[in-house]
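coords please:
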Amino acid sequence: MHPSNLVAIIKTDQKGEVELGCRKLTAIHPVRAFLIQFLNIAGVGPIFGPILGALYGPVALVWIVLGNVLGGAVHDFFSGVMSIKEDGKSLPEIAGKYYNVVFKGFMLLFTAMLLFFVGVVFIMSPAGLLSNLDFFKGTIFANNTFWVLTILAYYFFATLLPIDKIITKFYPFFGLLMIVMTTSVAIALLINAPHLPVAGDFLAYFEADHAHDFLEPNPDGLPTWPLLFITITCGAISGFHSTQAPIIARCLTNEKYVRPVYYGAMVCEGMVGCVWALAGIAAFPEGYAGLKVLLDQGGPGLVVNHVANSYLGVFGGIMAIVAVAVFPITSGDTAFRSLRLTVVDAFNIPQSLRNRLLLAVPILTIAYFMTKLDFSLIWRYFAFSNMLLSTSVLWLATKYLFDRGTFHWIASIPAVIATAVTLSYIMTASIGFNISSDFGKPIGAVTAIIVLIGLAIVHATKFKKRVEV
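Numbers count the residues shown, from 1 in each chain. This is a model prediction of the structure:
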């Protein structure tokens, strides 16, 4: 990774605009870029997912740490690297270059599907929270449709405006607010939480009297493999993040900022995930039963509200509302913006105001009708497409490194593991093939082993030829 590689394609003029290939965009300071990237990828994903995953016990923390450092941060880093190396192109366009048009079409389909589901999820979750606040009862603000239409109106205007009108001005503040909130909750939990896990909890599988089996069902009767890895994606590894890579890649002025902005933002998201997984595990005097009761009553949003109010008081209550209302709206905004950019890149559509309207209106209209569906159904499709896209991006990074004859295992091993998780899930899930777990779960593991062996053979053959030459 040498900054000199970008000298030919990146120049900054006196107005602070970046000329990236044929695109002219606003240059962003790396610190501001980091905060924007952090908020773009975070939202409520690393809050809600880890809270739900906390039901699996302390192993949720193990997955977040290992998944983040070895998988998610690598995924995000190479998403940024490939995008900035290719003049800020979206990942489906890059896939067409390094693989073929079939893989490009596959990534384009699932990228668009994921971005759409993210946008819909992040309309429904804040609208549901705001319409159920006590001080809105008896007013128009207690109407869920009012908030859905209000959020859609914001998305409409935000999708049309250039990045420097909203994202670069306000999102760094919200990103900083998330860091402050997470740090405050973490300190409060470490001081006051009644059930902080100890080192032995993480190795409970090897103890005879363990309370949470390493790969046993959680209180809902759901198996850890593969559901824990699908439940906690944001915070560990998330394909959605790759869709955000071009937004910042088109605004960085030097390649040397890729690692702190992309890898760094993902590590910070992992920290957020750890804090909220810890909250689910440790914050309730009744233990997992207390967490389960709150989740049944109002989902993870109610857990956030309870933890923030209980451990941070009035200040925490205000931040809780911001966390579960404003943060998902910002992620939904960038999701629909990225969806538009992905379509524009795929079909070489000029970014005129007319074309933005022609794309934004039908997308947001369909999104409105999708909010009428069951939230849990939308969430399951979102979770699957999220993991599938992250797996595809890791394989794209593998090909990128393989073609350069460099150390590809840093991407290919996480890609193999992600392949096993994705296949095991879709084989056993009700939205997939819905076959018995006894038969479905091993399919992913066996496939991963076969792929790993094949990858090792191709690696040995390629590098043997290189040595002979």
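
secondary structure class for residue 89?
Secondary structure, DSSP: H, G, I helix; E, B strand; the rest coil: residue 89 is coil.

now it: how far from residue 193?
When distance is defined by CB to CB, to the nearest Å, residue 89 is 45 Å away from residue 193. From N, CA and C alone the C-beta is placed, and that goes for glycine too.

between those two, who's got more neighbours?
More crowded of residue 89 and residue 193, by other CB atoms under 10 Å: residue 89, with 24 against 18.

Can you give me the neighbour number for residue 297?
Residues near residue 297, counting by other CB under 10 Å, number 10.

same deal with the one 5 residues further on?
When neighbours are counted by other CB under 10 Å, residue 302 registers 19.

and it, what element?
Residue 302 belongs to helix 288-321 when elements are defined using DSSP states H and E.

other SSEs contacting that helix?
Counting contacts by 3 or more CB pairs under 8 Å, 6 or more residues apart in numbering; DSSP states H and E, helix 288-321 is packed against helix 45-53, helix 101-131, helix 167-192, helix 264-282.

immediately after it, which helix or strand?
helix 327-347.

can you give me the offset of the helix or strand that that next one is followed by from its chain's centre?
For helix 327-347, the following helix or strand on the C-terminal side (DSSP H and E) is helix 353-370. Helix 353-370 sits 23 Å away from the centroid of its parent chain (CA atoms, centre = their mean, to the nearest Å).

And whichever helix or strand comes after helix 353-370, what does it pack against?
Heading C-terminal from helix 353-370, the first helix or strand you meet, by DSSP H and E, is helix 375-403. Applying 3+ CB pairs under 8 Å, 6+ apart, we find helix 375-403 packed against helix 73-85, helix 91-98, helix 101-131, helix 224-231, helix 240-249, helix 409-428.

one more time with 10 Å, if that's ok
helix 45-53, helix 73-85, helix 91-98, helix 101-131, helix 224-231, helix 240-249, helix 409-428, helix 437-468 (3 or more CB pairs under 10 Å, 6 or more residues apart in numbering; DSSP states H and E).

which one of these lies closest to residue 140?
In terms of CB to CB, the element of the helices and strands packed on helix 375-403 nearest to residue 140 is helix 101-131, at 9.9 Å.

how much does the following helix or strand past that closest one deviate in direction from helix 353-370?
Downstream of helix 101-131, the next assigned helix or strand under DSSP H and E is helix 144-160. Helix 144-160 runs at 160 degrees relative to helix 353-370, counting by axes from the mean of the first three to the mean of the last three CA atoms, to 10 degrees.

now helix 144-160 and helix 101-131, what's the angle there?
130 degrees.

The chain should start at 22 in everything you say after this.
Will do, 22 is the new start, and the previous item becomes helix 165-181.

list the buried ones in helix 165-181?
167-169, 171-173, 176-177, 179-180 (16 or more other CB atoms under 10 Å).

Also stretch 119-131?
119-120, 124-125, 127-129, 131.

Same check on stretch 347-359?
So stretch 347-359, judged by 16+ other CB under 10 Å, has buried residues 347-359.
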